[in-house]
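Take a look and give me a structure for this.
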Amino acid sequence: MKKIKLSMNMLFIGCSIIVLGFILILNFFLNQKSDVQLLTGKHYVEMTVQDYGTIQLELDADIAPITVTNFIQLVKDQFYDGLTFHRIVSGFVIQGGDPKGNGTGGSSQTIQGEFSSNGIENNISHKRGVISMARNSYSKNSASSQFFIMLQDNPSLDGDYAAFGKVIEGMDIIDKIVENTIVEEDGETVLKENQPIITNMRVLDD
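Modelled structure (predicted):
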């Protein structure tokens, strides 16, 4: 009887694992924009930050088509208008695009991570001025709306994060934001009342 009971328990566990795996796979595919035509070529976005000015971005859809297509669509949907930079690490990155403003939020869409450790070639190195997608630490396909801009070269991020473009005008503005923004004692958190506001983003090549 004990053997039969043990076998039934093992069967139940095995079935549960299979069902869970199926749900995760189904969720992944449902989260992909299969009906969206992926962009190609270079695309240009202007970001205006309240009290600071405008920053121009050049995005490379030939290298990161999924990432650029997602970002451009969010810009067109005015998703970023009114959001903030919630994380600033001097000498490393400035990060924004979170509707919750605390590093835990995103859009309703997650995308496949376009970087080598996820099986996709991406030769954009994380140098100063490069824009890349933030993601959580436990899923390579968890990027959504949060992005970061490199303040200094840091090639250790290459292969694990989807870089998809660069700042072509306005790094001086980024530097002013970093210099003027109050950051908490942990060296990265910006309280809501101190977060620089992205008043508007717009696509320039329409």
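
Of all residues in the chain, which one is nearest the centre?
M133 (2.8 Å; Cα atoms, centre = their mean).

now the residue lying closest to that residue once chain neighbours are set aside: how far from Y80?
In this structure, M133 finds its nearest non-sequential neighbour in A143, 3.9 Å apart by Cβ to Cβ, 6 or more residues apart in numbering. Backbone N, C-alpha and C define where each C-beta goes, glycine included. Note on A143: its distance to Y80, by Cβ to Cβ, to the nearest Å, is 15 Å.

the bottom helix or strand of the chain by mean pLDDT?
Using mean pLDDT, DSSP states H and E, the weakest-scoring helix or strand in the chain turns out to be helix 2-30, at a mean of 50.

In its sheet, which strands sit next to the one helix or strand E46 maps to, and in what direction?
Using DSSP states H and E, E46 falls within strand 42-49. With DSSP bridges as the test, strand 42-49 is paired with strand 53-60 (antiparallel), strand 198-203 (antiparallel).

buried ones in that strand?
If you call a residue buried by 16 or more other Cβ atoms under 10 Å, then strand 42-49 has these buried ones: H43, Y44, V45, E46, M47, T48, V49.

Output those residues as JSON lines; include the columns pLDDT.
Output for the buried residues of strand 42-49, formatted as JSON lines (pLDDT from 0 to 100):
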{"residue": "H43", "pLDDT": "98"}
{"residue": "Y44", "pLDDT": "98"}
{"residue": "V45", "pLDDT": "98"}
{"residue": "E46", "pLDDT": "98"}
{"residue": "M47", "pLDDT": "98"}
{"residue": "T48", "pLDDT": "98"}
{"residue": "V49", "pLDDT": "98"}
